[in-house]
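Trainee: Fold the following and give me the result.
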Amino acid sequence: MWLWKLFLLAVIMVLLLGFAIQNLDQKVEVTVYRWHFTQVPLILVMFESFVVGVVVLFLFTAIHDLQMRRELRKHKSEVKKLREELSSVRNIPFEEEIPKEEGKG
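Mentor: The predicted model follows:
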């Protein structure tokens, strides 16, 4: 399975490289808020957009992972307390008491 993933990754990389080589001479204008850049290579804009996307995805994933780890710790603590409670309940000696009926006797 890993071989197919590696092959697919190689194909994607070759296609992206071919696209980049075909567009080396393409220049674009970029405006980011108040900054204005002219004659910026298209491949550079695409690469920087990709990097920003990866960083944002990493941050969101890291935050989600930390939240899940915190929730898992909370649930593990709760399971531990419930197991201790169950163990203590199982160790209570069983004494059956016969209720006395009122009015008889």
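Trainee: remind me which residues of this protein are low pLDDT?
Mentor: Low-confidence segments of the chain (pLDDT under 70): 96-98, 103-105.
Trainee: centroid residue for it?
Mentor: Thr61 (4.0 Å; CA atoms, centre = their mean).
Trainee: and that one, how far is that from Gln67?
Mentor: Distance of Thr61 to Gln67, computed by CB to CB, to the nearest Å: 11 Å. (Each C-beta comes from the backbone N, C-alpha and C, glycine too.)
Trainee: what's the burial count for Leu44?
Mentor: 14 (other CB atoms under 10 Å).
Trainee: where do the helices sit along the chain?
Mentor: All helices of the chain, identified by DSSP state H, fall at 2-22, 42-90.
Trainee: closest to Tyr33 out of those?
Mentor: Nearest of these to Tyr33, taken as CB to CB: helix 42-90 at 14.2 Å.
Trainee: and that closest one, what does it pack onto?
Mentor: Counting contacts by 3 or more CB pairs under 8 Å, 6 or more residues apart in numbering; DSSP states H and E, helix 42-90 packs against strand 27-32.
Trainee: change it to 10 Å
Mentor: The elements that helix 42-90 packs onto, with contact taken as 3 or more CB pairs under 10 Å, 6 or more residues apart in numbering; DSSP states H and E, are helix 2-22, strand 27-32, strand 35-41.
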